[in-house]
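1. pasting the sequence and the predicted model now:
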Amino acid sequence: MPLKYNELSLPSPLVKKDGTRISTKQEWENGQRDYVAELMKQYMYGPIPPAPTEMTWEVLQTKTVYNGLGTREIIRLTCKGTTDEVMHLDLLVYIPAGDGPFPCTVGLNFCGNHGVEEDETIPMPDYVWPEGRQFMKRGEQNARWIPDYILSRGMALVTTCYHQIYPDHAFDGLKDSIYKLFYSQEKLFLAQPGKYSAISAWAWGLQRIADYLETRKEIDSSKLMVTGHSRLGKTALWAGANDPRFTVVVSNDSGCGGAAITRRADIGETLEVMNHYFPHWLTPMAKVIQDNVEDLPVDQHFLTSLIAPRAVAVASATEDTWADPEGEFYGLVAANEVYALYGEKEMSADYVPQGGEAVTSQSRHYHIRIGGHNILHFDWEHYIDFAFSVWRGNFKTFEITSGTNNHPSF
Ligand code: GCU
């Protein structure tokens, strides 16, 4: 049987390197937080690559969309590093009509920007597409992004394809990734998988979008919500843990290496299985510890704790057992100790939300959609409602909302 919350023997993010405990937010902010971030870097994700030495952008397209609900721009970012290489990131930028500045959600897509909408004027990807990865039809992932819904909520949306940052291929991806801005091809060729981790590269991409958004007067850059589904939910958490510009962090069905507690390894994906199929996602140290996860000095609540006191939402889907929904809930609850340093009430693990239910406790939110591994309208409704409640300071506490997929209004 998979372990329940009180049967888990979890390490505490408040325990210092010398074994003593901290008890104040000052101690957390002056040393302990960095130590916890360092542990997650060392055991799981490796470092996020440095910022580019130069980043410029050009507008490739501006178009009014959805009968005037907003505009859609295609922006090409050009990044340089310390080698002679140059990398582009092509962004789809949706901005609501009317007076801004608007809050903005930022997320990577799996499918290429052309998968977000059917519009033929969105260019097809012209960058390296990793072998074996599905090439989407136009608009095939529209139900995942629903830009018209997001715009209608008064929120901007920016997305770019993760393959343009690090093509998601275990062995061939690295040479075409943004690491080539900083390391020679020879060095990348000799590297073992994960030495330069893909999740850290994708998190770097999210940070570049934030850099760009800070230059836009239509965007309120104090209200950036970073989102991600599945492997990109793992990425959104790591980006959010490292970059305080993301004031709301969303993990949708992120599972192993995301919000789910690794020690509940007897349900869903294990670290070992993930490292086997995707050896480039995490740092090689994750492969060293995969056989003894009970001895791990960290677990995934360290990741959610690093986001405190900012807001974090974690969501699951009932049929998505591979991502261990209960383990994802525990990964959020177990950040209690750090959120408590900021005066937040504890979330209780006594009741685990069931299909269609949601629990919101000030800066933390959890919901579980009835259905499979996906991000859909129901999820976005929750995320956007939660984000606005946080930004307006109108915190909600412990509302367990109804057990259907009909989202009750906050
Ligand atoms: C696989 C993988 C998961 C990942 C998911 C996804 O199922 O095992 O770890 O989250 O792909 O990204 O869709």
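-> Received it, and whenever you're ready, just let me know what you need. Numbers count the residues shown, from 1 in each chain.
2. need the nearest residue in space to Lys175, chain neighbours excluded.
-> Closest residue to Lys175 apart from its sequence neighbours, by CB to CB, 6 or more residues apart in numbering: Leu188 at 5.4 Å. The way it works is simple: take the backbone N, C-alpha and C, and place the C-beta from them, glycine included.
3. in which helix or strand does that neighbour reside?
-> Taking DSSP states H and E as the definition, Leu188 sits inside helix 185-190.
4. ok, and for that helix, which residues are buried?
-> Leu188 (16 or more other CB atoms under 10 Å).
5. can you name every helix or strand that that helix contacts?
-> If contacts are counted by 3 or more CB pairs under 8 Å, 6 or more residues apart in numbering; DSSP states H and E, helix 185-190 sits against no helix or strand.
6. close to the ligand: what parts of this protein are there?
-> Residues of the chain lying close to the ligand (CB under 6 Å from any ligand atom) are 230-231, 255-256, 269, 274, 322.
7. hmm, back to that, enumerate every residue touching the residue nearest to Lys175.
-> 174-175, 179-180, 196 (CB atoms under 8 Å, 6 or more residues apart in numbering).
8. about what we covered before: ok, so of the residues of the chain next to the ligand, who is nearest Ser12?
-> Nearest to Ser12 among the residues of the chain next to the ligand: Cys256, at 21.4 Å, using CB to CB.
9. any stretches of the stretch 251-400 of the chain with poor pLDDT?
-> Within the stretch 251-400 of the chain, the stretches with pLDDT under 70 are 396-400.
10. check contacts around Arg153.
-> Taking CB under 8 Å, 6+ apart, one finds Ile384 in contact with Arg153.
11. how would you label Pro353: helix, strand or coil?
-> coil (DSSP: H, G, I helix; E, B strand; the rest coil).
12. surely it touches Arg369?
-> No - in this structure Pro353 lies outside contact range of Arg369 using CB atoms under 8 Å: 10.6 Å.
13. quick one: which of the two has more around it?
-> Arg369 (27 against 19; other CB atoms under 10 Å).
14. what is that one paired to in the beta sheet?
-> Counting by DSSP bridges, Arg369 is bridged to Ala317.
15. can you point out the buried residues in stretch 213-227?
-> Neighbour count says stretch 213-227 has 213, 216, 218-221, 223-227 buried, by 16+ other CB under 10 Å.
16. now stretch 358-370
-> Result for stretch 358-370 [16+ other CB under 10 Å]: buried residues 358-369.
17. where does the stretch 51-200 of the chain get nearest to the ligand, residue-wise?
-> Residue of the stretch 51-200 of the chain nearest the ligand, by CB to the nearest ligand atom: Phe110 (7.6 Å).
18. give me the distance between the two termini of stretch 32-48.
-> For stretch 32-48, the first-to-last residue distance is 19 Å (CA to CA, to the nearest Å).
19. which ones are touching Ile219?
-> Contacts of Ile219 (CB under 8 Å, 6+ apart): 95, 100-104, 156, 213.
20. list only buried entries from those residues.
-> 95, 100, 102-104, 156, 213.
21. count the residues that sit near the residue of the stretch 301-410 of the chain found nearest the ligand.
-> Closest contact between the stretch 301-410 of the chain and the ligand, by CB to the nearest ligand atom, is at Trp322 (5.7 Å). The local packing of Trp322 (other CB under 10 Å) involves 17 other residues.
22. ditto for Asp168
-> 23.
23. coming back round to it: just the buried ones from the contacts of Leu188?
-> 174, 179-180, 196.
24. for the residue of the stretch 301-410 of the chain closest to the ligand, helix, strand, or coil?
-> Classified using three-state DSSP, Trp322 is helix.
25. touching, it and Glu269? I think so.
-> Yes - the criterion here is CB under 8 Å, and Trp322 meets it with Glu269 at 5.4 Å.
26. overlap of the contact sets of the two?
-> Gly255.
27. residue closest to the middle of the protein?
-> Nearest residue to the geometric centre of the chain (CA atoms, centre = their mean): Ala236, 1.3 Å.
28. strands along the stretch 201-350 of the chain, start to end?
-> Ranges of strands in the stretch 201-350 of the chain, per DSSP state E, counting those that start in this stretch, are 219-227, 246-252, 311-317.
29. in its sheet, what does the first one sit against?
-> The strands that strand 219-227 pairs with in its sheet are strand 102-109 (parallel), strand 246-252 (parallel) (by DSSP bridges).
30. can you lay out the ones you listed as CSV showing distance to Asn394?
-> Listed next are these as CSV, based on distance: least, CB to CB, whole Å:
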stretch, distance to Asn394
strand 102-109, 14
strand 246-252, 14
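31. since that was my last question, I'll sign off now.
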